[in-house]
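Student: Dropping the sequence and predicted coords here.
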Amino acid sequence: MTDPDLTPVLVERREGIQIITINRPGSRNAVDGATARAIAAAVDELDADEELRVGVLTGAGGTFCAGMDLKAWLNDDKPFIPGRGFAGVTMAPPRKPLIAAVEGWALAGGFELMLACDLAVAGESSRFGVPEVKRGLVAGGGAAMLLPRRIPHAVALEMLLTGDLVTADRAAALGLVNRVTPDGEALKGALELAAAIAANGPLAVAVTKQIAQQQADWSVGEGWSKQEQLYRPVFDSEDAREGAAAFAQKRRPVWRGR
């Protein structure tokens, strides 16, 4: 039997939801190479398994993730996967929705890992930030590029250039966090959100996420045709017909993912 204390990432399933837990509480869930590879493998499983609809990413021991394991980095053990970025996720998030359940710290690469998720639920005492400049480093895992697209430019620069942290309430006000829960209940809140998503048509959810992610690169003129190319197969799917039939028959739909 595998000792969970020696496994850097734990993966479990709950009714169509995959829970990925970074399991290095002794290092505040800092990510080394083995952890990055394990997270990438879990995300690949999420996208490949038709029974899985939504993923939830969290950390063990009351901390989400403190970023890159600097001790490992000094020994040339880097948590970056070519073409996939930090922890195997920041450059190539999964096709299916991924929700961050944050307790404690989400710092540096850990904050960038949260940014790679589609939604976030946080305990009220959580703290968020990109303190790389305080260590003479650059937030190259995505924050320096993506944060100014997510929140007001001046606020993003303040976080990036000072390295100071923000509270869960402030993160929620900025739109970085969807829901704030009592401490210790972020995973519960994330699972509730995941269940609401998992109840919907999986093809529709995946394509809706794809359109929402890609639309920023489209002009208004080309956006209409590009989104139609993506959503038309969904309208022609068995799931679309099942959704209409279930509505007419006043019953829960049975999704097939096709």
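Tutor: Perfect, thanks for sending it. This structure is a prediction, so every number in the text was calculated from the model and none was measured.
Student: The stretch 101-250 of the chain: helices as residue ranges?
Tutor: Under the criterion DSSP state H, counting those that start in this stretch, helices of the stretch 101-250 of the chain are mapped to 109-116, 143-150, 153-162, 168-173, 186-198, 202-214, 220-235, 238-249.
Student: Could you dump these into TSV with mean pLDDT, mean neighbour count and distance to Val54 added?
Tutor: No exception for glycine: its C-beta is placed from N, CA and C like everyone else's. Shown next, in TSV, are the helices of the stretch 101-250 of the chain (pLDDT from 0 to 100; neighbours: other CB atoms under 10 Å; distance: least, CB to CB, whole Å):
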stretch	mean pLDDT	mean neighbour count	distance to Val54
helix 109-116	94	28	15
helix 143-150	91	16	21
helix 153-162	95	15	28
helix 168-173	96	18	21
helix 186-198	97	20	4
helix 202-214	88	17	8
helix 220-235	84	12	17
helix 238-249	82	13	16
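Student: could the ones you listed be laid out in CSV, adding distance to Ala42?
Tutor: Putting the helices of the stretch 101-250 of the chain into CSV (distance: least, CB to CB, whole Å) gives the following:
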stretch, distance to Ala42
helix 109-116, 13
helix 143-150, 22
helix 153-162, 28
helix 168-173, 25
helix 186-198, 15
helix 202-214, 18
helix 220-235, 26
helix 238-249, 25
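Student: Relative to Glu12, which of the ones you listed is closest?
Tutor: helix 186-198 (11.3 Å; CB to CB).
Student: Three-state assignment for Ala42, please.
Tutor: helix (DSSP: H, G, I helix; E, B strand; the rest coil).
Student: Just confirm it contacts Thr7, I think it does.
Tutor: No - counting by CB atoms under 8 Å, Ala42 does not reach Thr7; the two are 11.5 Å apart.
Student: out of these two, which sits in the busier spot?
Tutor: Counted by other CB atoms under 10 Å, Ala42 and Thr7 do not tie: Ala42 has more neighbours, with 21 against 15.
Student: Tell me the spacing between that one and Ala87.
Tutor: 10 Å (CB to CB, to the nearest Å).
Student: My guess is Ser126 contacts Glu103. True?
Tutor: Yes - the criterion here is CB under 8 Å, and Ser126 meets it with Glu103 at 6.2 Å.
Student: Asp169 and Ser125 touch, don't they?
Tutor: No - the criterion here is CB under 8 Å, and Asp169 misses it with Ser125 at 10.2 Å.
Student: what residues are up against Gly201?
Tutor: Gly201 makes contact with Val234, Asp239, Ala240, Glu242, Gly243, Pro253, Trp255, according to CB atoms under 8 Å, 6 or more residues apart in numbering.
Student: Of all pairs in these, which one spans the longest distance?
Tutor: Val234 and Pro253 (13.8 Å).
Student: Common neighbours of Ser126 and Glu103, please.
Tutor: What both Ser126 and Glu103 touch, as defined by CB under 8 Å, 6+ apart, is the set Phe64, Ala186.
Student: These two: who's more crowded?
Tutor: Ser126 (28 against 25).
Student: contacting residues for that one?
Tutor: Taking CB under 8 Å, 6+ apart as the test, what Ser126 contacts is Phe64, Val102, Glu103, Gly104, Trp105, Ala106, Thr167, Ala168, Ala171, Ala186.
Student: Return the member of these nearest to Glu222.
Tutor: Among the contacts of Ser126, and counting by CB to CB, the member closest to Glu222 is Ala171, at 33.4 Å.
Student: Can you give me the separation between that closest one and Phe111?
Tutor: From Ala171 to Phe111 the distance is 10 Å (CB to CB).
Student: Please consider this matter closed, and thank you.
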